[in-house]
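>>> Quick check, what structure comes out for this input:
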Amino acid sequence: KERTKGFSPFVNVGGTAGYKPVPLKKRDGLVWFFDIKGGEQNMGEKKVVLAYSGGLDTSVAAMWLTEQGYEVITMTADVGQSVDLEKAKNKALHSGASKAYVMDLKKEFVKEFVWPALKANALYQGAYPLNSALSRPLIAKAMAAVAKKENAGAVAHGCTGKGQDQVRMEVCTNALNPELVVLAPVRDWHFSREAEMEYAQAHGIPVLATTASPYSIDENLWGRSIECGILEDPWNEPPSDAYILTVDPWNAPDHQEFVEISFEKGIPVALNGEKMDGIALIQSLNNLAGKHGVGRIDMIEDRLVGFKSREVYECPAAITLITAHKALETLTLDKKVLAAKKEMETKFAELTYEGYWYSPLKESIDSFINTTQEYVNGVVKVRLYKGQAVVRGMKSPSSIYQMNIATYSEGDVFDRSNWETSC
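Numbers count the residues shown, from 1 in each chain. Modelled structure (predicted):
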């Protein structure tokens, strides 16, 4: 148990293969559950910490939990989403919460989650930069901390039974504190999006989603996820109004723009020679690459719960940085390390996608990747133009590339008599 940090086969993930739900029951105003030995444990009064975004699902969940007799304490994580956090706090209180926490987690999100993913060139199924998936272990960590502070016996999320976020939140919560019960009202009540909107309207809860524009949005510094509505049919092209961070490539500037990205040990530290902290760098690159239409992703994704889903993302900074970082690695890492790292990158992305951020395997992969990044130093020049980020130059003090060996011109020092030894 110490080695696996509390991982248990009794995680409530809606019947996902390999797990089975924690059976819950209520008695005398208290929440009880069966532990792995089958005994009952008292989880204290009906106090629950809800991960609250202010969107449709969590707003409805807050009201519904209150109606079921729970004292609801909301926790809103600021990971760089473009929402009015004070408004979200007031909305949570209006939706029945007794307390509403708003936590600025941007710095921790970048340092402890985004940069490790960048160093791993993390792209699930070669395309999705895990922007939403990366925030879930941090949100679970913050929820567990608030639950401890408030002496709450349960936490809750607004995930549905069809997505992978339910698994991420619950696996991460169980790893951090296996004593916490995880409630999933949106999943368990089986409401459709339309039914949720009707419930919200009936209870006077304002929501951005409408039947005319029913997008489900998740956003943070690393990118934006767009689901539902017209996007569910893969034949339909995503309409322009689905995007906010990026312009349509055909409407992007008719001139190319270059950006020089400086890396130290695999982490970007400057744009065009100007030193920046991680938050400012990502925000600047989101604006710069976004105005050139860079970072749109439209894919059929294999979800953890067993079916394919059409997913649309816009991640201008993430795509630009991963493109630059991967290129710099070809200059600074040798062939065998690159080959081994590619395998680890795939596993890193899969583990993150599935919610195993706090697993021993993920930590072991981190150690390997961090070792390789000691040599990933230098500057990469990227051209931004009409939806594309293309590397047009790079240099590094740690470069393995030697022009006097690679050249076919005068000054060639390659010893052809020793080519077998050289290989």
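>>> and residue 132, what does it touch?
Contact analysis of residue 132 by C-beta atoms under 8 Å, 6 or more residues apart in numbering lists 165, 218, 220, 223, 225. C-betas here are computed from N, CA, C, even on glycine.
>>> for these, which one is nearest residue 354?
Nearest to residue 354, judged by C-beta to C-beta, of the contacts of residue 132 is residue 165 at 11.2 Å.
>>> Please look at residue 59 and residue 201 and confirm they touch.
No - if you go by C-beta atoms under 8 Å, residue 59 and residue 201 don't touch, sitting 11.3 Å apart.
>>> before we move on, back to that, just give me the closest of the contacts of residue 132 to residue 310.
Set against residue 310, the nearest of these by C-beta to C-beta is residue 225 (11.9 Å).
>>> Now that closest one: which helix or strand?
strand 223-227 (DSSP states H and E).
>>> Partner strands of that strand and their direction?
Strand 223-227 has the following strand partners under DSSP bridges: strand 216-220 (antiparallel), strand 308-314 (antiparallel).
>>> That strand - what's its average pLDDT?
Averaging pLDDT along strand 223-227 yields 93.
>>> How about stretch 238-255?
95.
>>> what sits up against that stretch?
Identification of contacts with stretch 238-255 by C-beta under 8 Å, 6+ apart yields 82, 213, 215, 223-224, 226, 230-231, 286, 289-296, 298, 312, 314-316, 385-388.
>>> where does residue 126 land in three-state SS?
Following DSSP: H, G, I helix; E, B strand; the rest coil, residue 126 is assigned to coil.
>>> Could I get the pLDDT score of it?
Per-residue confidence (pLDDT) for residue 126: 97.
>>> ok, the spatially closest residue to residue 303 that is not a sequence neighbour to residue 59 distance?
Excluding its sequence neighbours, the residue lying closest to residue 303 (C-beta to C-beta, 6 or more residues apart in numbering) is residue 309, at 5.1 Å. Separation of residue 309 from residue 59 (C-beta to C-beta, to the nearest Å) stands at 23 Å.
>>> Please apply the same query to residue 184.
15 Å.
>>> More neighbours: which of the two?
Higher neighbour count among residue 184 and residue 59: residue 59, with 28 against 22, using other C-beta atoms under 10 Å.
>>> Shouldn't that one be within a helix?
Yes - assessed by three-state DSSP, residue 59 belongs to a helix.
>>> ok, now which ones touch it?
Counting by C-beta under 8 Å, 6+ apart, residue 59 touches 52, 91-92, 95, 200, 205, 207.
>>> which one of the residues you listed has the most neighbours?
residue 52 leads the contacts of residue 59 on contacts (other C-beta under 10 Å) with 31 neighbours.
>>> Which secondary structure state does the residue nearest to that residue when sequence neighbours are not counted sit in?
Excluding the flanking residues, the one nearest residue 52 by C-beta to C-beta, 6+ apart is residue 74, at 3.7 Å. Of the three states, residue 74 takes strand under three-state DSSP.
>>> Enumerate every residue touching residue 74.
Contacts of residue 74 (C-beta under 8 Å, 6+ apart): 49-52, 58, 62, 89, 92, 97, 99-101.
>>> Where helices are concerned, which of those residues count?
Among these, DSSP state H puts 58, 62, 89, 92 in helices.
>>> Can you name the residues that contact the last one?
When contacts are counted by C-beta under 8 Å, 6+ apart, residue 92 is found next to 52, 54, 59, 62, 74, 76, 100.
>>> Turn those residues into a markdown table, including distance to residue 141 and pLDDT.
Below are these laid out as a markdown table (distance: C-beta to C-beta, whole Å; pLDDT from 0 to 100):
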| residue | distance to residue 141 | pLDDT |
| --- | --- | --- |
| 52 | 16 | 93 |
| 54 | 20 | 83 |
| 59 | 23 | 87 |
| 62 | 21 | 90 |
| 74 | 16 | 95 |
| 76 | 14 | 94 |
| 100 | 18 | 95 |
